[in-house]
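**Student:** I would like to see how this sequence folds:
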Amino acid sequence: QVQLEDSGGGLVQAGDSLRLSCVASTDVFTALAMGWFRQAPGKEREFVSAISKSGGSIYYGDAVKGRFTIARDNAKKTVYLEMNSLKPEDTAIYSCTAGFRAYRDYTQGSMWDSWGQGTQVIVTS
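**Tutor:** Numbering: from 1, shown residues only. Here you go, the predicted model:
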């Protein structure tokens, strides 16, 4: 079981930026795809972004394309989500995730193996 600790959320205004971080406690970080999902109150969990184990493939949900950037630092066993031009509709709990076979469908939560506890992002207008 991979332990994930995500952080970096906060209360910001529309147009601001935030950077989320997720540190993995594992010896096999380079074998893992990493991703971010979010869940807003009363809504289903939504795919945000994913990055392959090598970092060579990156995917974004339509709602965040062009505004969010995912990156990973394998030496630090950390994945980042840089969020720019935040909107009130980005308000949600953001959770980091890791998976060995998530490449089958990055957008499906069931493809991922481990989850962080989540970090709250609130964007005010």
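
**Student:** contacts for stretch 102-112, please.
**Tutor:** Here stretch 102-112 makes contact (CB atoms under 8 Å, 6 or more residues apart in numbering) with 33, 35, 37, 45, 47, 50, 52, 59, 61, 97-99, 101, 113. Using the backbone N, CA and C atoms, a C-beta is placed for each residue, glycine as well.

**Student:** between the two ends of that stretch, how far is it?
**Tutor:** Start to finish, the residues bounding stretch 102-112 are 5 Å apart (CA to CA, to the nearest Å).

**Student:** before we move on, what about stretch 66-86?
**Tutor:** 11 Å.

**Student:** for that stretch, the distance to its chain's centre please.
**Tutor:** Here stretch 66-86 is found 8 Å from its chain centre; the criterion is CA atoms, centre = their mean, to the nearest Å.

**Student:** for ChimeraX, write the selection for the buried entries among the contacts of stretch 102-112.
**Tutor:** Burial among those is assessed by 16 or more other CB atoms under 10 Å; the matching ChimeraX selection reads:
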select :33,35,37,47,50,52,59,61,97,98,99
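
**Student:** number of residues surrounding Y106?
**Tutor:** 22 (other CB atoms under 10 Å).

**Student:** give me the element it is part of.
**Tutor:** Under the criterion DSSP states H and E, no helix or strand holds Y106.

**Student:** got it, and Y80?
**Tutor:** Going by DSSP H and E, Y80 is part of strand 78-83.

**Student:** the closest residue to M111 other than its chain neighbours - how many residues pack around it?
**Tutor:** What sits nearest to M111 in space, not counting adjacent residues and going by CB to CB, 6 or more residues apart in numbering, is A102, at 4.5 Å. Neighbour count for A102, taken as other CB under 10 Å: 23.
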